[in-house]
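Colleague: Kindly generate the corresponding structure for this input.
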Amino acid sequence: MLIIIRTTRRRYAVRHDDVAALRVVARAEDLHRQDVAGRPYVGVELGPLLDPADRSDAQRRHALIVPLRRRNVALLVDAVDTLIEHAAPQPLPSLLRDRLRPPWAIGAVLINDQLVVQLDIREVARSALLL
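Modeller: Okay, here's the model as predicted:
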């Protein structure tokens, strides 16, 4: 199952199994609370992380909570479009995949005649912790 998310400029697909929760937040400061295990959330804007020109000025955001070993990363997006149950993402060809740095894009899926890039959201979250 895939979740289709939207930043200001683009749409992406992520695996539903890699996201622990979806939350609506009014401000990024709302993410500095702790989860039930006492681990703090690290909030990161997904758009500018992937493309510096993809900045949002939306007041309400959606947070994709991605659990990692010691912390939860909340990746902020403008919207969660839909859940696709029977998607057939195609892996990126090895020639293209080997040239991507960082290797966040893992495939693509065709949705309503539009190609949507599938992200390895756990790898994106790991990289966000290093910023």
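Colleague: C-alpha only now, for contacts and for neighbours.
Modeller: Fine.
Colleague: Buried residues, the helix or strand bottoming out on mean pLDDT in the chain. List them.
Modeller: Across the helices and strands of the chain, mean confidence by mean pLDDT, DSSP states H and E is lowest for helix 94-97: a mean of 74. The neighbour-count criterion (16 or more other CA atoms under 10 Å) identifies Arg97 as the buried residues of helix 94-97.
Colleague: Following element in sequence after that helix, please.
Modeller: As assigned by DSSP states H and E, the chain's next helix or strand after helix 94-97 is strand 105-111.
Colleague: about what we covered before: residues contacting the least confident helix or strand of the chain, please?
Modeller: Defining contact as CA atoms under 8 Å, 6 or more residues apart in numbering, one finds that helix 94-97 is touched by 103, 105-106.
Colleague: Quick one: those as CSV, columns for distance to Leu76, pLDDT and neighbour count too.
Modeller: Shown next, in CSV, are the contacts of helix 94-97 (distance: CA to CA, whole Å; pLDDT from 0 to 100; neighbours: other CA atoms under 10 Å):
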residue, distance to Leu76, pLDDT, neighbour count
Pro103, 20, 78, 13
Ala105, 18, 89, 22
Ile106, 20, 89, 19
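Colleague: so can I have TSV of those showing distance to Arg55?
Modeller: Converted to TSV, the contacts of helix 94-97 look like this (distance: CA to CA, whole Å):
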residue	distance to Arg55
Pro103	21
Ala105	19
Ile106	23
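Colleague: Restricting to C-alpha, output the longest helix along the chain in PDB.
Modeller: Criterion DSSP state H: the longest helix present in the chain is helix 121-129. C-alpha atoms of helix 121-129 as PDB (Å, rounded to 0.1, in the frame of the first residue of the first chain):
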ATOM      1  CA  ILE A 121      11.000   7.500   3.400                       C
ATOM      2  CA  ARG A 122      13.000   5.700   6.100                       C
ATOM      3  CA  GLU A 123      16.200   6.600   4.300                       C
ATOM      4  CA  VAL A 124      15.000  10.200   3.900                       C
ATOM      5  CA  ALA A 125      14.300  10.200   7.700                       C
ATOM      6  CA  ARG A 126      17.800   8.800   8.500                       C
ATOM      7  CA  SER A 127      19.400  11.500   6.300                       C
ATOM      8  CA  ALA A 128      17.300  14.200   8.000                       C
ATOM      9  CA  LEU A 129      18.800  13.300  11.400                       C
END
